[in-house]
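Asker: the following block contains a protein sequence and its predicted model.
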Amino acid sequence: GQNIDQPTEMTATEGAIVQINCTYQTSGFNGLFWYQQHAGEAPTFLSYNVLDGLEEKGRFSSFLSRSKGYSYLLLKELQMKDSASYLCAVLPPSGSARQLTFGSGTQLTVLP
Amino acid sequence: DSGVTQTPKHLITATGQRVTLRCSPRSGDLSVYWYQQSLDQGLQFLIQYYNGEERAKGNILERFSAQQFPDLHSELNLSSLELGDSALYFCASKSGDPNTGELFFGEGSRLTVL
């Protein structure tokens, strides 16, 4: 099975940097995803890590350590529109049903 | 716009009733996934279809059923509705590439059971 943990809530200031952590314990692993979800809207894809290391995409970066079962999402130059829930999700290994298992999400509030 | 279309966007009904939620995946995507998101809850996987066949089941109640049609659209049927079934129901699709896990979500169907 999959067990995914991430903080429930975080608060940061506009223009600052925030790091959202995610730890997972899985029986198999084939990649980790980060999604952003504004209230009442569809989740939208942010990043995908399958190998260890940092993936950078504009203001957002995602890091993965498979040996530690750990990932983080780094958001730089925070903007008010970044206030949203950030969902960590794990992809099971090939050969199994390929549904993403999501964590409960981290609600980020960006303050002016 | 993800390319995944869900209808209806909003639905209000009474306990004991039955509703059908519809999803059209992105053009060319063979996999359809249904997720439930209750208030303050994470996304809970319900069921997956691939090219018309059920591929995986998650925490789906026996009162719920789904199917994927030859044109690849999918329907989620919810029956004997209870207050606790009030939630956002998301459909997502994915390309057939087994090495790509990115899901594309529809805007969701918000179900309110009174």
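Answerer: Here it is on my side, so go on.
Asker: going forward, measure contacts and count neighbours with C-alpha atoms only.
Answerer: Will do.
Asker: where does the chain dip in pLDDT?
Answerer: Here I'm looking at chain A. Flagging of chain A using pLDDT under 70 yields the residue ranges A:1-2, A:94-98.
Asker: I was thinking of chain B, sorry if that wasn't clear
Answerer: In chain B, residues with pLDDT under 70: B:40, B:96-101.
Asker: could you find the closest non-adjacent residue to the residue in it positioned nearest to chain A?
Answerer: Going by CA to the nearest CA, chain A is nearest to B:G42 of chain B, at 4.1 Å. Nearest residue to B:G42 in three dimensions, chain neighbours excluded: A:S104, at 4.1 Å (CA to CA, 6 or more residues apart in numbering or on different chains).
Asker: quick one: that neighbour is in a strand?
Answerer: No. Per DSSP: H, G, I helix; E, B strand; the rest coil, A:S104 lies outside any strand segment and is coil.
Asker: what sits against it?
Answerer: By CA atoms under 8 Å, 6 or more residues apart in numbering or on different chains, A:S104 lies in contact with A:I4, A:D5, A:Q6, A:T8, A:L87, A:C88, B:Q41, B:G42, B:L43.
Asker: looks like the last one contacts B:Y35 (just checking).
Answerer: This points to B:L43. Yes. Checked against CA atoms under 8 Å, the pair B:L43 and B:Y35 is within contact range at 6.0 Å.
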